[in-house]
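K.L.:
starting from these lines, generate the structure:
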Amino acid sequence: MKQRLQTLLLALCAAILPASTLAGESPAPAQDVAVHCGHLVDTVAGRLLGETTVVTAGKRIKEVKSGRVDVPGAQVVELGDATCLPGLIDSHTHLTGQTSPTSYTDQFRWNVADYAIRSTVYAKRTLDAGFTTVRNVGDNDGESIALRNAINAGIVPGPRIFTAAQAIGSTGGHADGTDGYRKDLAGNPGPKVGIINGVDDAWKAVRQHYKDGADLIKIMPSGGVLDESLSVDNAQMTIEEIKAVVAAAHDYGFTVAAHAHGAEAIRRAVIGGVDSIEHGTFMDDADMKLMKEHGTWYVPTIIAGKYVAEMAKVPGYYPAQIAAKALQVGPIIQATAGKAYKAGVKIAFGTDAAVYPHGQNAKEFQYMVDAGMPPMFVLQAATTHAAELLKKSKDLGSIEPGKYADVIAVAGNPLDDIALMQHVGFVMKEGRIYKEDGKAVTPLAQAIATPSVAQGEELQGY
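P.N.:
Numbering: from 1, shown residues only. So this is what the prediction gives:
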């Protein structure tokens, strides 16, 4: 029976994906595609263009032509009056989990495979929302590396992932997943799983991440909301530890993102040389000045603060100490983001997806506008700014020849109504269309509609 099931699953995979994909290569579209846009947001110049034709060849953009231009031999995608934008980038996600009232007990019942399988669903929801690229800044056991690889190979649909794998932090800190465990279960996690105490541990943890296949490094120099400890903002890493992580990371070509709510932790992280501050809830004027001096990016994640504050009022949704921290952060984080914008701090779009339900990432645009940021700025935060933070501006962030053919579209003008970004109707990633007219058009969806299974056979348990 087991052999029969394996044979049937392989047959299904063969029906869903071409041989090149099963061999680990995501095939490029064979035909040029001409996408006719009613308008196009030029994220480099910061302006809205009129009717535009975007021509893609394989995985890249071939040409961008003014007006509705016929392209001989090309597949035509007619978007009418819709506004086209580059594929969006969320600089702060956790695609391998999602909070719920059972999150703190699920961890004792679920295996890594359970999180990995669910992550494929979360990845698809993220892509459908128009986010063709994400930074995944923390997982349980490196499962986001497997998710990244599967997406790159074309096995499952999802955004392009740059992953930090497990976050790095101190014993008992926000990165320590055993917080709240009884002693016989807590153990003494070390640098192999990202828990460090001292400079030598810092180097070992970064080198382990390199060995495991991470793309960047995430550190936790301050307390946080969703761990089972008491403080949301206390400093939890020394400057020496942070500097060691950064030095090791830069040796391996990694950037470093720093989860930091507290002002002192932010100060240490910036002085230590990190590339970005995530959340930054209690950031003060001195921190903002320091970040401008060092060129440090800020990723606000307003939606996460608002969501945890809302859920903290639901009895039993969070453990009591977590609910208390959520109520501290929620009312402050949006005002901090607005103040940082006015101070001239560099801002990249990020949401902390998983703290709220995946697929709702675009709500962040509205929260950023409500904080005082102009609509064009927030669109650039999720495109050109986020690409610069990733150090991938040559490939991502704008619709220009030579860049990846990541194109999305919304009905109407998002500069007039930023809420339109929550209703993406068209998604193209690397020249392949995943959503059109608001509906999924992935190879997987097509295969399930017409499965290649012999008549009378069943895929039991599928």
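
K.L.:
when you work out contacts or count neighbours from here on, use the C-alpha atoms and nothing else.
P.N.:
Will do.

K.L.:
per-residue pLDDT, the residue lying closest to Q98 once chain neighbours are set aside?
P.N.:
In space, and not counting its chain neighbours, Q98 is closest to A354: 4.1 Å by Cα to Cα, 6 or more residues apart in numbering. Looking at A354, its pLDDT reads 98.

K.L.:
how near is A354 to H294?
P.N.:
To H294, A354 is 30 Å away according to Cα to Cα, to the nearest Å.

K.L.:
elements contacting the helix or strand where Q328 lies?
P.N.:
Here Q328 sits within helix 320-329, counting by DSSP states H and E. Judged by 3 or more Cα pairs under 8 Å, 6 or more residues apart in numbering; DSSP states H and E, the packing partners of helix 320-329 are helix 302-311.

K.L.:
wait, Y122 sits on H94?
P.N.:
No: contact criterion Cα atoms under 8 Å: Y122 and H94 do not qualify, at 9.2 Å.

K.L.:
between these two, which is the more surrounded one?
P.N.:
H94 (26 against 23; other Cα atoms under 10 Å).

K.L.:
residues contacting the more buried one?
P.N.:
The contact partners of H94, taken as Cα atoms under 8 Å, 6 or more residues apart in numbering, are 136-139, 352-354.

K.L.:
at 6 Å what do you get?
P.N.:
136, 353-354 (Cα atoms under 6 Å, 6 or more residues apart in numbering).

K.L.:
now it: how far from G169?
P.N.:
17 Å.

K.L.:
closest to P191 out of the contacts of H94?
P.N.:
N136 (19.7 Å; Cα to Cα).

K.L.:
show the backbone phi and psi for V55.
P.N.:
phi -110, psi 120 (degrees, to the nearest 10).

K.L.:
about what we covered before: redo the contacts of H94 as a markdown table? Include neighbour count and secondary structure.
P.N.:
Below are the contacts of H94 laid out as a markdown table (neighbours: other Cα atoms under 10 Å; DSSP: H, G, I helix; E, B strand; the rest coil):
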| residue | neighbour count | secondary structure |
| --- | --- | --- |
| N136 | 28 | strand |
| A353 | 27 | strand |
| A354 | 21 | coil |
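
K.L.:
would you list these in CSV and tack on distance to G253?
P.N.:
Shown next, in CSV, are the contacts of H94 (distance: Cα to Cα, whole Å):
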residue, distance to G253
N136, 17
A353, 25
A354, 27
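
K.L.:
am I right that Y298 is in a helix?
P.N.:
No: using DSSP: H, G, I helix; E, B strand; the rest coil, the assignment for Y298 is strand, not a helix.

K.L.:
beta partners for it?
P.N.:
Per DSSP bridges, the residues bridged to Y298 are I277, I347.

K.L.:
residues contacting it?
P.N.:
276-277, 347.

K.L.:
just the pLDDT at it, thanks.
P.N.:
98.

K.L.:
which pLDDT value goes with A74?
P.N.:
You'll see A74 listed with a pLDDT of 97.

K.L.:
mind giving me the domain split of this structure?
P.N.:
The chain breaks down by automatic domain parsing into domains covering 1-87+398-462, 88-390.

K.L.:
so which of these is the most surrounded?
P.N.:
Highest mean neighbour count among these (mean count of other Cα atoms under 10 Å): domain 88-390, with a mean of 21.

K.L.:
start and end of that one, how far apart?
P.N.:
End residues of domain 88-390 are separated by 13 Å (Cα to Cα).

K.L.:
could you point out the longest helix of the protein?
P.N.:
Secondary structure of the chain per DSSP state H: the longest helix is helix 112-128.

K.L.:
contacts for that helix?
P.N.:
Here helix 112-128 has contacts from 95-96, 143, 157-159, 358-359, using Cα under 6 Å, 6+ apart.

K.L.:
let's see 8 Å
P.N.:
95-97, 132, 140-141, 143-144, 146-147, 156-159, 358-361, 424, 427, 434-435, 440.

K.L.:
what are the ranges of the strands in the stretch 101-250 of the chain?
P.N.:
131-136, 160-163, 169-170, 195-196, 217-219 (DSSP state E, counting those that start in this stretch).

K.L.:
out of these, nearest to T301?
P.N.:
Closest to T301 of the strands of the stretch 101-250 of the chain is strand 131-136 (Cα to Cα; 12.9 Å).

K.L.:
identify the residues contacting the closest one?
P.N.:
With Cα under 8 Å, 6+ apart as the test, strand 131-136 has contacts from 87-95, 126, 144, 158-165, 406, 429.

K.L.:
restrict it to CA atoms and write it as PDB.
P.N.:
What follows is strand 131-136, C-alpha atoms only, in PDB (Å, rounded to 0.1, in the frame of the first residue of the first chain):
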ATOM      1  CA  PHE A 131       3.900  40.100  -2.000                       C
ATOM      2  CA  THR A 132       6.400  38.400  -4.400                       C
ATOM      3  CA  THR A 133       9.400  38.700  -2.000                       C
ATOM      4  CA  VAL A 134       9.700  38.400   1.800                       C
ATOM      5  CA  ARG A 135      12.400  38.500   4.400                       C
ATOM      6  CA  ASN A 136      11.600  35.600   6.800                       C
END
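
K.L.:
pairing partners for it, with directions?
P.N.:
Sheet pairing of strand 131-136 (DSSP bridges) gives strand 88-93 (parallel), strand 160-163 (parallel).

K.L.:
great, nothing more from me.
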